[in-house]
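**Q** Whatever this is, show me its structure:
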Amino acid sequence: MQAFGLRTHAWNTAWRSMLLLAGFPLLLAIMSLGIGMVFGGEQRDIGRAFGNALRNLPGIYLLCCGAAIIWFAIAWFAHNRILDWATGAQPVTRAQEPRLWNLLENLCISRGMRMPRLAVIETEAMNAYAAGLSRETGSVTVTRGLINALDDRELAAVLAHELAHIRNGDARLGLIAAVFVGVISLGFDGVTRSRRVIRSGRATTQDSGGWRVRTNSRNGGWAALVGLLLIGLAWSLATVLRMALSRNREFLADAGAVELTADPDAMITALRKVEGNADMPDVSPQVRALFLEDATDSALSSLMATHPPIGDRVAALVRFAGGRDPGPRAIVVAPPEPETPAWARQDAADETVRIAPDAAPAASPWWKGPAQGSGGASPWGKRS
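**A** The predicted model follows:
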């Protein structure tokens, strides 16, 4: 569907995101088939190993789905705590952050939303993210650098961007995508480790049924290799699809922020200020995919990046929302404070007045100066 305006652009992005997410069950099936090939590698030829893997595919697929459910349950009950631990965020109240709290509360009231949990990361980087599997459990987290650098209009636009993630279900969508990728990654790691353990044990058995490893099989190693390639393919495609979901979510949230604030210029200038100042290397890549901007994407290809370039996001706002782009902003570095000279350093208890060594002595007032003699001037005139 071609996008002709802001609203259709948001619908188009949401539709493409759902199509991408629909591919994850298929990738889970590919991984299950690969696991069957690896553990069916004792067969004498690849054809028999493939047939054995197909017969066991339903059971393996159910096991993988069970692991995904467990993974999702952990994320459902503890995702906010996990993210706080991963990013160093601390929840705040209205008394601690009145400006931030009031801006977010006004946005929530305007759309009848429940006030999400608010947290702050004490870092000079400029970034923010939203999390939550529902509107009732949503949370918004911003950095100290973002609060200090943006004015009220720009900060409200960023908060509206994060609220859009919660309103549109983007936070839930991203978390589900991460669960699928995590399950596939666990399957890949588990199979490769199990294979190494089996090979190191040099286990040999007879063809008496079941899944066993026959080290003297002529083509058993090739069957296992094909299985590992299938699992690796599923993991690679799952990672690419998750990153594509993240890129689409950002376009959709930008559109939602403009719809909520009716101020595309504020969103554009906020993005331009964040550009080049969002680097948070201490946060894991999986968590950085949730952020407003990931500075490491500049070194990646467009296929592997989790965020679209700031320039593309601004161009979309200009085209579909009628905003004005001021262009990239130069990073202003504050000049260093002048160092106090050695002659002027003293303890607080020391009341001695110090002057610069090369400074001329100030003229003493007439009441403290030496006697001037008969020719000296007096403030009351000549003495009689």
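**Q** pull the helix or strand with minimum mean pLDDT from this protein.
**A** Ranking every helix and strand in the chain by mean pLDDT, DSSP states H and E puts helix 170-201 at the bottom, with a mean of 58.
**Q** so what secondary structure elements neighbour the next helix-or-strand element following it?
**A** Once the chain leaves helix 170-201, the next helix or strand it forms, by DSSP states H and E, is helix 220-261. Counting contacts by 3 or more C-beta pairs under 8 Å, 6 or more residues apart in numbering; DSSP states H and E, helix 220-261 packs against helix 6-21, helix 24-39, helix 46-55, helix 98-111, helix 152-167, helix 170-201, helix 264-274, helix 310-321. Placement of C-beta: from N, CA and C, glycine included.
**Q** Which of the three states applies to residue 113?
**A** Classification of residue 113 using DSSP: H, G, I helix; E, B strand; the rest coil returns coil.
**Q** Contact partners for it?
**A** Contacts for residue 113 (C-beta atoms under 8 Å, 6 or more residues apart in numbering) come out as 107, 135, 163, 166, 167.
**Q** Can you tell me how far residue 60 is from residue 46?
**A** In this view, residue 60 and residue 46 are 18 Å apart by C-beta to C-beta, to the nearest Å.
**Q** picking up where we left off before, weakest of the helices and strands packed on helix 220-261 by average pLDDT?
**A** With a mean of 58, helix 170-201 has the lowest mean pLDDT of those.
**Q** which one among the contacts of residue 113 gets closest to residue 30?
**A** Ranked by distance to residue 30 (C-beta to C-beta), the contacts of residue 113 are led by residue 166 at 32.1 Å.
**Q** what's around residue 28, how many residues?
**A** A count of nearby residues for residue 28, using other C-beta atoms under 10 Å, gives 22.
**Q** That one against residue 234, yeah?
**A** Yes: counting by C-beta atoms under 8 Å, residue 234 is a contact partner of residue 28 at 7.4 Å.
**Q** quick one: the nearest residue to residue 274 once chain neighbours are set aside from residue 25, how far?
**A** Distance criterion C-beta to C-beta, 6 or more residues apart in numbering; nearest residue to residue 274, sequence neighbours excluded, is residue 126 at 4.8 Å. For residue 126, the distance to residue 25 (C-beta to C-beta) stands at 37 Å.
**Q** Those two - which one has more neighbours?
**A** residue 126 (27 against 14).
**Q** Tell me the pLDDT of that one.
**A** If you check residue 126, the pLDDT there is 96.
**Q** isn't there a strand covering it?
**A** No: counting by three-state DSSP, residue 126 is not part of a strand but coil.
**Q** residue contacts, it?
**A** 143, 145, 146, 149, 150, 273, 274, 277, 278.
**Q** try 7 Å
**A** Shown in contact with residue 126 (C-beta atoms under 7 Å, 6 or more residues apart in numbering): 143, 145, 146, 149, 273, 274, 277, 278.
**Q** Show me what counts as buried in stretch 222-229.
**A** For stretch 222-229, burial by neighbour count (16 or more other C-beta atoms under 10 Å) applies to 223, 224, 226, 227, 228.
**Q** can you redo those residues as a markdown table with pLDDT?
**A** Output for these, formatted as a markdown table (pLDDT from 0 to 100):
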| residue | pLDDT |
| --- | --- |
| 223 | 75 |
| 224 | 77 |
| 226 | 82 |
| 227 | 80 |
| 228 | 82 |
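**Q** what would those look like in a markdown table with distance to residue 18?
**A** Conversion of these to a markdown table gives the following (distance: C-beta to C-beta, whole Å):
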| residue | distance to residue 18 |
| --- | --- |
| 223 | 36 |
| 224 | 36 |
| 226 | 32 |
| 227 | 30 |
| 228 | 31 |
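**Q** What is the most widely separated pair among those residues?
**A** 223 and 228 (10.0 Å).
**Q** rewinding a little: just name the closest of the buried residues of stretch 222-229 to residue 157, please.
**A** Proximity of the buried residues of stretch 222-229 to residue 157 (C-beta to C-beta) peaks at residue 228, which lies at 46.9 Å.
**Q** what's the spacing between the closest one and residue 287?
**A** Applying C-beta to C-beta, one obtains 28 Å for the distance of residue 228 from residue 287.
**Q** got it, and residue 277?
**A** Where residue 287 is concerned, residue 277 sits at a distance of 18 Å (C-beta to C-beta).
**Q** ditto for residue 275
**A** Applying C-beta to C-beta to residue 275 and residue 287 gives a distance of 20 Å.
**Q** which one of the two has more residues nearby?
**A** Higher neighbour count among residue 275 and residue 287: residue 275, with 20 against 17, using other C-beta under 10 Å.
**Q** Quick check: closest non-adjacent residue to that one.
**A** residue 310 (4.4 Å).
**Q** list the contacts for that neighbour?
**A** Residue 310 touches 271, 275, 293, counting by C-beta under 7 Å, 6+ apart.
**Q** quick one: the first one and residue 313 touch, right?
**A** Yes: proximity of residue 271 to residue 313 meets the contact threshold set by C-beta atoms under 7 Å, at 6.0 Å.
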